[in-house]
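Trainee: The following comprises the amino acid sequence and a computationally predicted model.
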Amino acid sequence: MVRQLEETVVRVASRGDRGELEAALEGATDASVVAVGSTGARALEPLVLVSRAGTTAFFAGCTEQRAAAVADGLASGELPTERADAVVDHDPDRATLPVPDLSPLDVGTRSVLGRCGWVRPAERGDYRTGGDGEGGGLDADPAAVLDAAGGVVGRGWGDAAADEPLGGTWERVAGAEEPAVVVNAHGSPGDALLLESAPFLPLEGALAAARAVGAAEVVVYLSAADDLARERAAAAASDLADGVDVRVATGPDEHRAAEPTMALEAVEGNHRLEARLRPPGPAEAGLSGRPTLVHTPRTLAQVARALDGGDPTRVVTVRGDVGAEATVELPEGASLSALRGAVTVEGEFKGACVGGRFGGVTPDLDIAANADALGEAGLGTEGVVDIIAEGRCVVAYVGEKCRYGSEENCGRCVPCREGSKQLTELLREVYGGEFRPGRIEELLRVVRSTSVCGFGRDMTRPVATALDHFGGEFADHADGRCRAGACDGHLPGVTA
Amino acid sequence: MSSDRPDVPALTEDIRPGTATDPDVGAETEATVTVDGEAVTVGPGATVLDAVEAAGAADAVPALCSYGDEELVGPRSECRTCMVEAGDHGLVPACSFPAEDGLAVETGAERAVEAREVNLDLVLSNHNLRCTTCNANGDCELQ
């Protein structure tokens, strides 16, 4: 582990390689300099954390010059606290990031993200140290794991048990022949962060799942574009797996490839991805026809957390019209409005799209961060919130998402393939002066309820929620007015 | 379709169509299903569509992409013009949903009718309608 009782430890937290910073710090001090993963707080990175004897000083947005100044300060024998952005006193043996008074690190809570930006991602020795949940999933017995999973709800649309408790599925798979576990990390920034910065946590959940259901194979599936996450997951997997075959597989960097059955298709080696029919779902006939658990790293991290006795939380990435993207963690009872403190909105806050690419549009973020509350509000649970600023036109915003859906669906079923095209056309008609809400709503109902997979179901959500909350803007567009002033060149009777 | 003549290579045999590896969608055992109030019993492997056909209610359910040839095509369940209301399961595609024992199927439920009609429209929206020169003219489910 990274010892810091007497000596000084300098951590460089960043997503990419910061060799030049490490060199600047190493060159001028004999403290040990270690590269750790991202904290999820992009605005603060590269973030340098200098720890000695239970005190950590934070240096945000650290340039080489600043790093050199920090190193000079250390050389004089003192922790350079007066130049730091924040200073925290903590237990010197701490296994998780001591939370500073710095946004967005101070937003919500940090439990499954606790190790992100504090431990060396692929060092098993850094993981599971100190008093923070010692033991946990790695040596829990199968009955305890099944019990803990019973209360965990699947997270993200890539999870085959999205928004449902895992217990039922796991018990069915546990009695079946040759089960497998697929960790679906495709396409979600929260999942990528976990695998990049603290891969042992979701893998621990995956191995606990494998043991609980008697699976001998775990496949970590990610987008071919997520090089860093793949590398770290592979390194951690080789260090952690005993008695279980853990391998890493990739699929194309396309939104639809995260759908659970398309993930299985990709893992099996099919190049043309298409959703599978269900029932029976992956729990009965999954990877090569075997009963398979398909869960996201966020879900599995919650399983590991439940084994440690922690309350459920949600990992949420805030992006959109903001200064810098931030991934934070909220307790399930907390309001999503806390997320506004994690980012700088570029302009006036108008609303947000909650639930990823096909999330629901809402003018009000005061909704609890759990599946029930989000579902009731008609929003998505994908763990990505896009902030929409006043200058953005909601009609254009959801129209763009609809067009994306019409171009990126797998093409299998008629409602999603043809329905998304027609829906896009109906939204284009609004710009031509014709707004037919009845026709749009009929199409939304049918595409949502008759598509083969979650892609078609979810792609209706932005338009449906925009009609609910910003319906007036659609009528305005048909009359040649855009409240945001963003569509002027495209409206009848209005010149750009 | 492979040729019977030995000198003609079987063209399609090595072509992988690139469709998803679907699970078996039929029921595992014999089941008694109620279709619009009429109880019918279907054998193992049956889908809801088999039950709908057995009950004589198939006229209302176009099921365009179902060829009844499970060996060759399987239920692709693409057109979704066979949607019916199936109790707790809600709207389901009859051609690819297992005929579970005790299932109560309503072909005339409002949203099932709407779903079939809209999806039929969507199929036609991308159909060239050159009927007079089409091989299927006179033997076409769309006509």
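Mentor: In hand now; what should we look at? Residues are numbered from 1 along each chain as shown, chains lettered A, B, ... in the order given.
Trainee: quick check: mean pLDDT across the helix ranked longest in chain B?
Mentor: Counting by DSSP state H, the longest helix found in chain B is helix B:110-125. Average pLDDT, helix B:110-125: 95.
Trainee: quick one, phi/psi of residue A:322?
Mentor: Dihedral pair for residue A:322: phi -130, psi 160, per degrees, to the nearest 10.
Trainee: residues near it, how many?
Mentor: Neighbourhood size, residue A:322 [other Cβ atoms under 10 Å in any protein chain shown]: 23. For glycine as for every other residue, the C-beta is placed from the backbone atoms N, C-alpha and C.
Trainee: Grab the nearest non-local neighbour of it.
Mentor: Distances taken as Cβ to Cβ, 6 or more residues apart in numbering or on different chains place residue A:343 nearest to residue A:322, at 3.8 Å, with adjacent residues excluded.
Trainee: how far away is the one you found from chain B?
Mentor: 38 Å (Cβ to the nearest Cβ, to the nearest Å).
Trainee: Any idea how far the longest helix of chain B is from the middle of the chain?
Mentor: 14 Å (Cα atoms, centre = their mean, to the nearest Å).
Trainee: One more: stretch A:55-62?
Mentor: For stretch A:55-62, the distance to the chain centre is 25 Å (Cα atoms, centre = their mean).
Trainee: Also stretch A:173-191?
Mentor: On Cα atoms, centre = their mean, the centre of stretch A:173-191 falls 16 Å from the chain's centre.
Trainee: got it, and stretch B:25-38?
Mentor: Counting by Cα atoms, centre = their mean, stretch B:25-38 comes out at 15 Å from the chain centroid.
Trainee: Pull it out as CSV, backbone CA atoms only.
Mentor: Provided in CSV are the C-alpha atoms of stretch B:25-38 (Å, rounded to 0.1, in the frame of the first residue of the first chain):
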residue,chain,number,x,y,z
VAL,B,25,-39.0,-18.5,-27.6
GLY,B,26,-41.6,-21.3,-27.4
ALA,B,27,-43.2,-22.6,-24.2
GLU,B,28,-41.5,-25.6,-22.6
THR,B,29,-44.6,-27.6,-21.9
GLU,B,30,-48.1,-28.0,-23.1
ALA,B,31,-50.2,-25.1,-22.0
THR,B,32,-53.8,-23.9,-21.9
VAL,B,33,-54.2,-20.3,-22.9
THR,B,34,-57.4,-18.2,-23.0
VAL,B,35,-57.6,-16.1,-26.2
ASP,B,36,-60.4,-13.5,-26.1
GLY,B,37,-62.2,-15.7,-23.6
GLU,B,38,-61.8,-19.0,-25.5
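Trainee: just to revisit the earlier point, so what does the longest helix of chain B touch, helix or strand wise?
Mentor: Identification of packing neighbours for helix B:110-125 by 3 or more Cβ pairs under 8 Å, 6 or more residues apart in numbering or on different chains; DSSP states H and E yields helix A:414-431, helix A:437-450, strand B:83-86, strand B:91-93.
Trainee: repeat that for 10 Å
Mentor: In terms of contacts (3 or more Cβ pairs under 10 Å, 6 or more residues apart in numbering or on different chains; DSSP states H and E), helix B:110-125 is packed against helix A:414-431, helix A:437-450, strand B:83-86, strand B:91-93, strand B:104-106.
Trainee: Now render the ones you listed as JSON lines, adding mean neighbour count, mean pLDDT and distance to residue A:99.
Mentor: Converted to JSON lines, these look like this (neighbours: other Cβ atoms under 10 Å in any protein chain shown; pLDDT from 0 to 100; distance: least, Cβ to Cβ, whole Å):
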{"stretch": "helix A:414-431", "mean neighbour count": "22", "mean pLDDT": "96", "distance to residue A:99": "43"}
{"stretch": "helix A:437-450", "mean neighbour count": "19", "mean pLDDT": "97", "distance to residue A:99": "40"}
{"stretch": "strand B:83-86", "mean neighbour count": "26", "mean pLDDT": "97", "distance to residue A:99": "50"}
{"stretch": "strand B:91-93", "mean neighbour count": "24", "mean pLDDT": "97", "distance to residue A:99": "47"}
{"stretch": "strand B:104-106", "mean neighbour count": "20", "mean pLDDT": "97", "distance to residue A:99": "55"}
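Trainee: Any chance of TSV for these, columns distance to residue A:488?
Mentor: TSV is the format used below for the helices and strands packed on helix B:110-125 (distance: least, Cβ to Cβ, whole Å):
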stretch	distance to residue A:488
helix A:414-431	11
helix A:437-450	23
strand B:83-86	42
strand B:91-93	41
strand B:104-106	49
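Trainee: Quick one: end-to-end length of stretch A:54-70, please.
Mentor: 18 Å (Cα to Cα, to the nearest Å).
Trainee: quick one on the thing from earlier: report pLDDT for the residue nearest to residue A:322.
Mentor: For residue A:343, pLDDT reads 97.
Trainee: my guess is it contacts residue A:389, does it?
Mentor: No - judged on Cβ atoms under 10 Å, residue A:343 makes no contact with residue A:389 at a distance of 11.0 Å.
Trainee: Between these two, which contacts overlap?
Mentor: A:320, A:321, A:322 (Cβ atoms under 10 Å, 6 or more residues apart in numbering or on different chains).
Trainee: Other residues contacting the worst-scoring helix or strand of chain A on mean pLDDT?
Mentor: The least trusted helix or strand in chain A, going by mean pLDDT, DSSP states H and E, turns out to be helix A:19-28, with a mean of 85. Contact with helix A:19-28 is made by A:10-12, A:14, A:18, A:31-35, A:46, A:48, A:50, A:62-75, as judged by Cβ under 10 Å, 6+ apart.
Trainee: and it, which residues are buried?
Mentor: A:21, A:22, A:24, A:25, A:26, A:28 (16 or more other Cβ atoms under 10 Å in any protein chain shown).
Trainee: go on, stretch A:346-361?
Mentor: A:349-361.
Trainee: from those, which single one is nearest chain B?
Mentor: residue A:358 (19.2 Å; Cβ to the nearest Cβ).
Trainee: and that closest one, what helix or strand is that in?
Mentor: Under the criterion DSSP states H and E, no helix or strand holds residue A:358.
Trainee: Tell me if I'm right that residue A:465 and residue A:374 touch.
Mentor: No - contact between residue A:465 and residue A:374 fails when scored by Cβ under 10 Å: they sit 11.4 Å apart.
Trainee: Please identify every residue contacting each of the two.
Mentor: Contacts common to residue A:465 and residue A:374, judged by Cβ under 10 Å, 6+ apart, are A:354, A:355, A:359, A:360, A:362, A:380.
Trainee: For the third one, list the residues it contacts.
Mentor: Read it as residue A:359. When contacts are counted by Cβ under 10 Å, 6+ apart, residue A:359 touches A:352-353, A:374, A:378-386, A:401, A:458, A:461-462, A:465.
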